[in-house]
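S.K.: Next input, structure requested:
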Amino acid sequence: MMKDISNPQSMKAILKKHGFTFKKSLGQNFLIDRNILNNIVAQANLTEHSGAIEIGPGIGSLTEHIARQSQKVVAFEIDQRLLPILRETLAPYPHVKVIHSDILEADVNKVIQEEFSGIEDIMVVANLPYYVTTPIIMKLLTEKLPIRGIVCMIQKEVADRLAAKPGTKEYNSLSIAVQYYAEAETVLKVPKTVFVPAPNVDSAVIRLTLRKEPPVQVQDEDFLFEVIRSSFAQRRKTLWNNLLNNLPLKEKREELEKVFGHIEIDPKRRGETLTIQEFAKLADALAPLLK
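M.R.: Next up is the predicted model:
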């Protein structure tokens, strides 16, 4: 039986052999707990017919666990120094392909077409670098990729936001944007001690299951998100103030009042109390005022 890459002794030996030093700028924190790694992969419900996309494989400790459960893995790694290490650590897994690329620059749809031909079930499974979590998740959600969902380790505070419900202090425009595309649930809390080096923050694993249809139908998706962002521009301000200050409505106060009356939403409410259904209603009612 091979030793896991994630075993602290193996990891130390690999890093030492290659003279690897962690780059803070790349948010490198490698996982060294076999149970956590198994648990992350379990949350993705992979089978021998699944394809998996990983982002930031590091030295391959999570990749190895994903590879044992899936038909094919494609991992995006930005740090060139890790490529020779990954070639060595992942040698026992010929169905893993490492692409040297920044996921934010990559054409993920094209990679899926080329690498996962004939594979119907595709999941993203990753321990994401914390400094770019949000842009990566939003890219994966908005690019209409043929994936079932995303299971990723992120900062606990961000996980709380992504899964937040209306009326809570964590709920914000990001919560709504993510929940527009996916159902979000935090499936695992993770202590700092299972990483090398240990990060300064607590972590959590979130599972995002992509929706077949958005939870609301609106006339203009971009405008919906503009209204949501404007409503959260200053957290302590009411909807009325935020919308007046952030959309070109200053000359249209009377019409704005009528809109609120018509859709029966109190303009004194704050953005964080509205559901996505209420935001959809508000956006569709406001759109004619701004034409």
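
S.K.: what does the worst-scoring helix or strand of the chain on mean pLDDT contact?
M.R.: None of the helices or strands of the chain scores lower by mean pLDDT, DSSP states H and E than strand 195-196, at a mean of 81. Outside strand 195-196, the residues that touch it by C-beta atoms under 8 Å, 6 or more residues apart in numbering are 8, 11, 29-32, 203. C-beta: built from backbone N, CA, C; applies to glycine.

S.K.: make it 6 Å
M.R.: Residues from elsewhere that reach strand 195-196, judged by C-beta atoms under 6 Å, 6 or more residues apart in numbering: 29-30, 32.

S.K.: Could you list the low-pLDDT ranges of the chain?
M.R.: 1-3, 25 (pLDDT under 70).

S.K.: That one: helices as residue ranges?
M.R.: Per DSSP state H, the chain carries helices over the ranges 8-17, 34-43, 61-67, 83-89, 108-115, 133-142, 156-162, 173-181, 221-231, 239-246, 253-263, 276-286.

S.K.: what helices or strands is the third one leaning on?
M.R.: Helix 61-67 is packed against helix 34-43, strand 72-77, with contacts defined by 3 or more C-beta pairs under 6 Å, 6 or more residues apart in numbering; DSSP states H and E.

S.K.: Look up the closest residue to Leu37, ignoring the ones flanking it.
M.R.: His65 (4.5 Å; C-beta to C-beta, 6 or more residues apart in numbering).

S.K.: hang on, the one you found packs against Val41?
M.R.: Yes. Look at His65 against Val41 with C-beta atoms under 6 Å: they come within range, at 4.8 Å.

S.K.: and which of the contacts of strand 195-196 is nearest to Gln155?
M.R.: Asn29 (10.7 Å; C-beta to C-beta).

S.K.: you'd agree the closest one is up against Ala198?
M.R.: No. Asn29 lies out of contact with Ala198 (C-beta under 6 Å); the separation is 7.4 Å.

S.K.: Between those two, which is the more surrounded one?
M.R.: Asn29 (24 against 12; other C-beta atoms under 10 Å).

S.K.: quick one: contacts for the more buried one?
M.R.: 195, 199.

S.K.: gap between Ile112 and Asn29?
M.R.: Note on Ile112: its distance to Asn29, by C-beta to C-beta, to the nearest Å, is 27 Å.

S.K.: Could you report the neighbour count for Leu282?
M.R.: Leu282, neighbours per other C-beta under 10 Å, totals 23.
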